[in-house]
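Student: Sequence first, predicted coordinates after that:
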Amino acid sequence: MPFGNTHNQLKMNYSAEQEYPDLTKHNNHMAKVLTPEMYANLRDKQTPSGFTLDDVIQTGVDNPGHPFIMTVGCVAGDEETYDVFKDLLDPVIEDRHGGYKPSDKHKTDLNPDNLKGGDDLDPNYVLSSRVRTGRSIRGFCLPPHCSRGERRGIESLSVEALGALGGDLKGKYYALKDMTDDEQQQLIDDHFLFDKPVSPLLLASGMARDWPDARGIWHNNNKTFLVWVNEEDHLRVISMQKGGNMKEVFNRFCTGLTKIEELFKAKGHEFMWNEHLGYVLTCPSNLGTGLRGGVHVKLPNVSKHEKFGEILKRLRLQKRGTGGVDTAAVGGVFDISNADRLGFSEVELVQMVVDGVKLLVEMEKRLEAGQSIDGLMPEQK
Amino acid sequence: MAGSFAKVMSGRTTGLLMASLGASAVATGYLLSDTVAADEKRKLYPPSADFPDLRKHNNCMASALTPAIYAKLRDKLTPNNWSLDQCIQTGVDNPGHPFIKTVGMVAGDEESYEVFAEIFDPVIKDRHNGYDPKIMKHPTDLDASKITSGMFDENYVLSSRVRTGRSIRGLSLPPACSRAERREVERVVVQALAGLKEDLAGRYYSLTEMTEQEQQRLIDDHFLFDKPVSPLLTCAFMARDWPDARGIWHNNEKTFLIWINEEDHTRVISMEKGGNMKRVFERFCRGLKQVETLIQERGWEFMWNEHLGYVLTCPSNLGTGLRAGVHVRLPKLSKDPRFSKILDNLRLQKRGTGGVDTAAVGDTFDISNLDRLGKSEVELVQLVVDGVNYLIECEKKLEKGQDIKIPAPIQQFKK
């Protein structure tokens, strides 16, 4: 909640032990890292905007586990959260991001020319290609903590900046509260719109407050470049199209993002970024690039292979259902994307997706023809 | 250290400059005494920037809140540091409910009703038929011997039940309480309940330790409260840390139950199969008084004052917090077009047999009093007794092909 949290002070009337959450049935990154000693050391602190330790961990306390993935169990309320509560967040980040250390530096590379290939994924198998990331506007609190005034400020800044995009990026903003039910359903069916928040992971962190105030979606007229405003992050930026031309998707992604950043800077605002954490977002899982590049791809045979999980792991890829993170696959069609976010650049991650999906499609064709894929098994990337 | 930072953080541009040097330059573990940034934020965003958009809303809070009231109260805090935004969040997040006009705000502590009286008073008035907390006094009467004709025809009435809530003075309410406070509520109440004897002797089942079978048994018996899924509750922060420090206590005979730390500190329920409402209410009053004595022995008391009666989380439950009701079969009457009007005039409400968010199944209805504040417990239970007896008479008349009358409306409390 905004405007400071002096309620935190009253908890000091009780000992840290009395306040410590019961995490015995929990399985998320926060629960693995938090200890009573850490809790005692951090619980009297708050960021300048008043975000406290209990605010950080509430979602992890309320949600012991998730059926498909290991959740993070903590969120940031502002940029400073990652510093004030580093004793908790650094080990969470290390655990979540494959051993990324507090001293590591993250590289940003949004030059699409550095991507090799990616324009020839077989459209008989690859139904659609998509790259998304998030951006936060420096100086504003993040969705778990922002006030209505701040959230509206973020919306109007974003709408102004996006309104200045031209060429094939020219588009229109649809505020959620002014959208008709039909417009909204169309956008959901097109895989464009974000859900009304029903996931307890989001609800428990306070991100759904005041819905649908200051939430909306902007997209270009071609419906290939979209920006979500004020869902789980200030901005989610998405480039997508049918078929397998990931290179074109990534091209547009980089061009669009760079233009948006320029437009924000022209108005005296910049994105939250630092050389250790890269782009700063609400959930620690999205730090670094915040990038998820993926495809919807038909893999009915490969997906039934006993080594499917192992193959994905070695390729550093992740599978989801075609409805997004909380769904299962339907009809052999999977959402395959990069598993990593931090410690690799944007180009590196999309390269992994391009190379990995190419291999998976090759394997699918072999299995269709009744051939073995043993000779195609990849090395661990 | 705080002093030099205060000088630097004198403006938003400065803040941005500091932030651009790297997040670590701005915040290295501010202590609680530093509210400079919070004050800066308040100035940057005047109340008008934060006023919620309530144009599509239909709840008591939305009907009463104005930009002027919001501006006056936004920066106030109760002694427990609870704010207006926290009170109204549930009403902002939930524009309306399909079956009932919701209240749209909650209290975080006893003092909320005082500090934010300018919004709570009109909401209370709206919800409780014009009751004015500033000038009116609420009667408390837990003398069950006064009830007459309290035995229903069991061909129609399947079960009888009376519930209320009680809050422990000095501890924050479910929207606001910390984990330690909530555990303290649990400790205080469970310790007191251990002192109940004879037909009231019983046992506590903590939600964290209950087996799944025990839990299902309690739900099937209509004893256990839901895991919070209603957005009315979750948006009011009441479901935090679930199921920590939540539980249910009931006597061995399963006729007296206490819910701990659901929507209120305690919900107290007396119930049994059949139509003996008088006995249900007698046990209710006796049990409540005994629990009160037991907590007083340890230096605690219930939240109560002469204007609001018993203080609970939701303004709709102020006064008596009492809902007395029956599950009753009314196959003919429920299809009669006059049914709703008859209920209205008798100050009764119908619900499905699953509780407030459900619809009726078959011909069996949950019929209970509408009112909570401005009439005493005895008055409300008598009203339910008289009203349900009237409904049963109507049902019997319709069975015989006779006509029924809509009764005259019951008078509100004296203004």
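Tutor: Perfect, I can see it now. Numbers count the residues shown, from 1 in each chain, chains lettered A, B, ... in the order given.
Student: count of neighbours near the closest residue to chain B within the stretch 51-200 of chain A?
Tutor: Residue of the stretch 51-200 of chain A nearest chain B, by C-beta to the nearest C-beta: A:Gly149 (3.3 Å). (Each C-beta comes from the backbone N, C-alpha and C, glycine too.) Neighbouring residues of A:Gly149 were enumerated by other C-beta atoms under 10 Å in any protein chain shown; the total is 20.
Student: Tell me which other helices or strands the helix or strand hosting it touches.
Tutor: Assessed by DSSP states H and E, A:Gly149 sits inside helix A:148-163. In terms of contacts (3 or more C-beta pairs under 8 Å, 6 or more residues apart in numbering or on different chains; DSSP states H and E), helix A:148-163 is packed against strand A:171-175, strand A:216-220, strand A:225-229, helix A:246-266, helix B:47-50.
Student: Low-confidence bits of the stretch 251-400 of chain B, can you list those?
Tutor: The stretch 251-400 of chain B contains residues with pLDDT under 70 at B:354-360.
Student: all strands for it, in order.
Tutor: Taking DSSP state E, counting those that start in this stretch as the criterion, the stretch 251-400 of chain B carries its strands at B:256-260, B:266-273, B:304-305, B:309-310, B:323-329, B:348-351, B:364-369.
Student: now swap in the stretch 251-381 of chain A and tell me
Tutor: Counting by DSSP E, counting those that start in this stretch, the strands of the stretch 251-381 of chain A are A:273-274, A:278-279, A:292-298, A:317-320, A:333-338.
Student: Same list, those, but as CSV with distance to chain B and mean neighbour count please.
Tutor: Output for the strands of the stretch 251-381 of chain A, formatted as CSV (distance: least, C-beta to the nearest C-beta, whole Å; neighbours: other C-beta atoms under 10 Å in any protein chain shown):
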stretch, distance to chain B, mean neighbour count
strand A:273-274, 6, 18
strand A:278-279, 12, 24
strand A:292-298, 24, 24
strand A:317-320, 25, 20
strand A:333-338, 26, 22
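Student: tell me how far the ends of stretch A:373-381 are from each other?
Tutor: Terminal residues of stretch A:373-381 lie 18 Å apart, using C-alpha to C-alpha, to the nearest Å.
Student: Over to stretch B:294-306?
Tutor: 22 Å.
Student: Same question for stretch A:43-59.
Tutor: End-to-end for stretch A:43-59, by C-alpha to C-alpha: 16 Å.
Student: Report the distance from it to the chain centre.
Tutor: Centroid separation for stretch A:43-59 versus its chain: 22 Å, with C-alpha atoms, centre = their mean, to the nearest Å.
Student: Looking at it now, give me its mean pLDDT.
Tutor: Stretch A:43-59 carries an average pLDDT of 94.
Student: one step back: how about the strands of the stretch 251-400 of chain B, which one is nearest A:Asn221?
Tutor: Among the strands of the stretch 251-400 of chain B, strand B:348-351 comes nearest to A:Asn221, with 50.5 Å by C-beta to C-beta.
Student: Just checking: what are the partner strands of that closest one?
Tutor: With DSSP bridges as the test, strand B:348-351 is paired with strand B:364-369 (antiparallel).
Student: Can you show me the helices along the stretch 101-250 of chain A?
Tutor: A:148-163, A:181-189, A:200-203, A:246-266 (DSSP state H, counting those that start in this stretch).
Student: which residues are in contact with the third one?
Tutor: For helix A:200-203, contacts defined as C-beta atoms under 8 Å, 6 or more residues apart in numbering or on different chains pick out A:Thr59, A:Asp62, A:Asn63, A:His66, A:Thr71, A:Pro197, A:Ala208, A:Glu232, B:Thr234.
Student: what do you get if the cut-off is 10 Å, keeping everything else the same?
Tutor: The contact list for helix A:200-203 (C-beta atoms under 10 Å, 6 or more residues apart in numbering or on different chains) reads A:28, A:59-60, A:62-63, A:66, A:71-73, A:75, A:143-144, A:194-195, A:197, A:207-209, A:211, A:231-232, A:282-283, A:325-326, B:93, B:229, B:231, B:234-235, B:239, B:242.
Student: next one: phi and psi at whichever residue of the stretch 251-400 of chain B sits closest to chain A?
Tutor: Of all residues in the stretch 251-400 of chain B, B:Asn261 sits closest to chain A, with a separation of 13.6 Å (C-beta to the nearest C-beta). B:Asn261 adopts backbone torsions of phi 60, psi 40, taken as degrees, to the nearest 10.
Student: so who does the closest residue to it other than its chain neighbours touch?
Tutor: Distances taken as C-beta to C-beta, 6 or more residues apart in numbering or on different chains put B:Arg246 closest to B:Asn261, at 4.7 Å, once the chain neighbours are dropped. Contact partners of B:Arg246, counting by C-beta under 10 Å, 6+ apart, are B:174, B:182, B:186, B:206-208, B:210, B:225, B:227-228, B:239, B:259-262.
Student: What about the residues you listed, which are in strands?
Tutor: Filtering the contacts of B:Arg246 for membership in strands, criterion DSSP state E, returns B:Ser206, B:Trp259, B:Ile260.
Student: what number of residues lie near A:Ser156?
Tutor: Neighbourhood size, A:Ser156 [other C-beta under 10 Å]: 12.
Student: Check the average confidence over the helix or strand that A:Lys32 is a member of, would you?
Tutor: Taking DSSP H and E as the definition, A:Lys32 sits inside helix A:29-33. Across helix A:29-33, pLDDT averages out at 97.
Student: So what touches whichever helix or strand comes after it?
Tutor: Where DSSP H and E defines the elements, the next helix or strand beyond helix A:29-33 is helix A:36-42. The contact list for helix A:36-42 (C-beta under 10 Å, 6+ apart) reads A:15-17, A:19-21, A:34-35, A:52-54, A:56-57, A:84-88, A:91, B:29.
Student: All the helices of the stretch 1-150 of chain B, residue numbers only.
Tutor: For the stretch 1-150 of chain B, the helices defined by DSSP H, counting those that start in this stretch cover B:2-8, B:12-20, B:23-26, B:36-44, B:47-50, B:60-64, B:67-73, B:84-93, B:112-115, B:117-127.
Student: ok, back up a step: determine which stretch of the helices and strands packed on helix A:148-163 is the most buried.
Tutor: When the helices and strands packed on helix A:148-163 are scored by mean count of other C-beta atoms under 10 Å in any protein chain shown, the highest mean neighbour count falls to strand A:225-229 (a mean of 25).
Student: what about it, near chain B?
Tutor: No. For strand A:225-229, no contact with chain B is found by C-beta under 10 Å from any C-beta of the partner chain; the gap never falls below 15.5 Å.
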